[in-house]
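[1] I need the structure of the sequence given here:
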Amino acid sequence: MANNTLITLTDVQLAYGHHPLLDHADFVIQEGERIGLIGRNGAGKSSLLRLLDGRNVPDDGDIARNSGLKVATVEQEPDLDESATVYEVVLNRDDDHEDWQRPSRVQALIERLGLPGDARIAGLSGGTRKRVALARALADEPDLLLLDEPTNHLDFTGIAWLEELLRSWRGAAVIITHDRRFLDAIATRIVELDRGKLLSFPGNFSQWQERKAQWLESERLENARFDKLLAQEEVWIRKGVEARRTRNEGRVRRLEQLRVERAERRERVGNVSLALAEGQRSGKLVAELEDVSKAFGERVVVRNYSTTLMRGDRIGIIGPNGAGKTTLLKIMLGELAPDSGSVRMGTNVSVAYFDQMRAQLDENATLVDIINPGSEWVEIGGTRKHVMSYLGDFLFSPARAGSPVSSLSGGERARLLLARLFARPANVLVLDEPTNDLDIETLELLEELLQEYTGTVLLVSHDRAFLNNVVTQTIAFEGDGHWRDYVGGYDDWVAQRPAQAATQTPTKEKTASAKEKAARSADPDAPAARAKPTRVAKLSSWEQRELEGLPDEIAQIEARQEALSARLADGTLYRDAPQEVEQINAELATLEKTLEDKFARWELLESRRGDQ
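    Numbering: from 1, shown residues only. Below is the predicted model of the structure:
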């Protein structure tokens, strides 16, 4: 094994029952890599982490580790000694007693992370507990850090801290997360676990989206060619007499093999299908708060806050952990009375609530009972649907419909709660951290649903991309119980908030300048674009030939891009020829530039031909 290779998985298989989590999978982790591990809920991402740190062993295949490799794992829900102090947990005396520098290293970490060293674990918030678990892992000085949903329970400040920590991290890291903005900030490679296979894409999440689109198109074309060949062979074999007369046994055997390959093709599992029972419309006014204040003892959570919620508003509530976001929500919904001020509720308000703690789920109840107890049917948007079919829309098979909630993973619980939420007619949706545990594909579908929803949405989330894509207004905590309304999503709030005004000014000026340039280039009447009209020359014969040949040239470039993207998705490439990865990326960059030039040339020649 090369010195810069930490772990190599070769032809690894892992299954639970008849469900393959890893199907002859290959995977290589190099020094210094920050790998974003993505995939659907239940695909086996956490199981892969347990293989990497040695807690589990594969059913078959080989895992080779660098000699002396030190791995540290931070679980999605860290298991910490409730009676111990923060310092005692981070020190972790179960570890190497010969590490005499560990106490001083632990103290430095606690100070750097701003942790309360003397505080008991039992009294800590979810975000602080996550920081403690990260500190304990960092104190081990591992070569490889494994993080399972590290941004869950962290607020914006905590997420920014973790991004900075990982970008300066010298070791390698594998991170399971649904946070697309986080992946863009820290990942050097994206690995997708899809139907038992590990597909690798160099770069961050946005780059993965582009490469994956190319790869999927290549896969679609290959499957289409395969299906066409299979159909031709099926027609030939059905002629019967000709097949026997020609005695082409080799062709018969090939057809049999084609049928086997088609049966074994790893088909994409169905998509989550989301629809919402909106119920009756609320009145135009949903709620009006006037000079509302609320305190718990000496701590003021809301101070003299006024706002108006109208039907159709999609509002994000932003603030650090412990600021009082849930309290403010309850006041808005009339569930909690303020100490002073007034709350006026609108008419015909029907609320559906998504709880971040999943407290609405009875551990012993079956999935069917959770969705619609005592009935086999649900009403969705005026359509009657059988509960089994409805569960199937959320990727729960009929075989699991009778399973208890206790058997579900965190992501599956989130999906089930969404299914329950959407089965209840409501015109106000309250979503408290709905993105925790959801896979990226379901997140994007939920975004689309909320964008089309005509009712009112109140959203508490630390997922910056989700806030940007869903909300039209934000209510932000500004300290000392003060809350303020802003137009737009997370990025709009960052640009508008007072503390950022000084630092944001240059950026705004640059952005405005860029927008003005773009507008001038797009608007022929813009001052900078006005110029004396020039006579357009006719296409020469060689330019006409060039124009006719451009579509084929572009198709060839795109075909080469698809082939290179498919090569990058092969996990064995990083093990067998890591130097080739850089060469492929360089060629892809060159091809992209060439493609842009070809399209620009095509548009120019077409416009000149059109003027003739």
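
[2] before we move on, what SS does Gln579 have?
    Per DSSP: H, G, I helix; E, B strand; the rest coil, the secondary structure class of Gln579 is helix.

[3] Look at it and say how many residues are nearby.
    The burial metric for Gln579, expressed as a neighbour count using other Cβ atoms under 10 Å, is 6. From N, CA and C alone the C-beta is placed, and that goes for glycine too.

[4] where's the host helix or strand of Asp597 relative to the chain centroid, distance-wise?
    Element membership for Asp597, per DSSP states H and E: helix 578-610. A distance of 29 Å separates the C-alpha centroid of helix 578-610 from that of its chain, computed with Cα atoms, centre = their mean, to the nearest Å.

[5] List the buried residues for it?
    Of the residues in helix 578-610, those scored as buried under the neighbour-count criterion (16 or more other Cβ atoms under 10 Å) are Val581, Ile584, Leu588, Leu595, Arg601, Trp602, Leu605.

[6] with these in mind, which one is nearest to Ser541?
    Sorting the buried residues of helix 578-610 by how near they are to Ser541, with Cβ to Cβ, puts Leu605 at the top with 12.6 Å.

[7] Return the residues in contact with the closest residue to that closest one other than its chain neighbours.
    Leaving out its chain neighbours, the residue that sits closest to Leu605 by Cβ to Cβ, 6 or more residues apart in numbering is Leu547, at 4.3 Å. For Leu547, the contacting residues are Leu539, Trp602, Leu605, Glu606, Arg609, by Cβ atoms under 8 Å, 6 or more residues apart in numbering.

[8] Am I right that the second one is in contact with Glu548?
    No. When contacts are counted by Cβ atoms under 8 Å, Trp602 is not listed as touching Glu548 (10.6 Å).

[9] Pull stretch 374-391 out as CSV, backbone CA atoms only.
    Extracted C-alpha coordinates of stretch 374-391, given in CSV (Å, rounded to 0.1, in the frame of the first residue of the first chain):
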residue,chain,number,x,y,z
GLY,A,374,-58.0,3.0,12.5
SER,A,375,-58.3,3.6,8.8
GLU,A,376,-56.8,2.2,5.6
TRP,A,377,-57.3,5.4,3.6
VAL,A,378,-55.8,8.9,3.6
GLU,A,379,-57.2,12.0,1.8
ILE,A,380,-54.4,14.0,0.0
GLY,A,381,-55.4,17.1,-2.0
GLY,A,382,-59.0,15.7,-2.6
THR,A,383,-57.7,12.3,-3.7
ARG,A,384,-58.4,9.1,-1.6
LYS,A,385,-55.3,7.0,-1.3
HIS,A,386,-54.6,3.6,0.4
VAL,A,387,-52.3,3.9,3.3
MET,A,388,-49.9,1.3,1.9
SER,A,389,-49.6,3.2,-1.4
TYR,A,390,-49.1,6.4,0.6
LEU,A,391,-46.3,4.9,2.6
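
[10] Past the helix or strand harbouring Val457, which element shows up next along the chain?
    Of the helices and strands defined by DSSP H and E, Val457 is found in strand 456-460. The C-terminal neighbour of strand 456-460 among helices and strands, as given by DSSP H and E, is helix 464-470.

[11] What's the first helix or strand after that following helix?
    Using DSSP H and E, the helix or strand that follows helix 464-470 towards the C-terminus is strand 473-477.

[12] and that following strand, which strands flank it?
    Paired neighbours of strand 473-477 in the sheet (DSSP bridges): strand 314-318 (parallel), strand 483-487 (antiparallel).

[13] buried residues in it?
    When neighbours are counted by 16+ other Cβ under 10 Å, the buried residues of strand 473-477 are found to be Gln473, Thr474, Ile475, Ala476, Phe477.

[14] quick one: the closest residue to Arg136 other than its chain neighbours from Glu111, how far?
    Spatially, and ignoring its direct neighbours in sequence, Arg136 is nearest to Val90 (4.8 Å; Cβ to Cβ, 6+ apart). When distances are taken as Cβ to Cβ, to the nearest Å, Val90 and Glu111 turn out to be 11 Å apart.

[15] quick one: contacts of the strand holding Val457?
    For strand 456-460, the surrounding residues in contact (Cβ under 8 Å, 6+ apart) are 282, 286, 309-317, 325-326, 329, 332-333, 356, 427-434, 450, 466-467, 470-471.

[16] Let me see the mean pLDDT of it.
    In this model, strand 456-460 carries a mean pLDDT of 91.

[17] Look up which helix or strand the residue nearest to Leu605 falls in, please.
    Using DSSP H and E, Leu547 sits in helix 541-568.

[18] list the buried ones in that helix?
    Buried residues in helix 541-568, counting neighbours by 16+ other Cβ under 10 Å, are found at Glu543, Leu547, Leu550, Ile554, Ile557, Gln561, Glu562, Leu564, Ser565, Ala566, Leu568.

[19] which residues touch the helix or strand hosting Leu109?
    Taking DSSP H and E as the criterion, Leu109 maps to helix 102-112. Applying Cβ under 8 Å, 6+ apart, the contact partners of helix 102-112 are Val86, Tyr87, Val90, Leu91, Asp95, Asp96, Leu115, Gly117, Ala135, Leu138, Ala139, Glu141.

[20] Thank you kindly, that will do.
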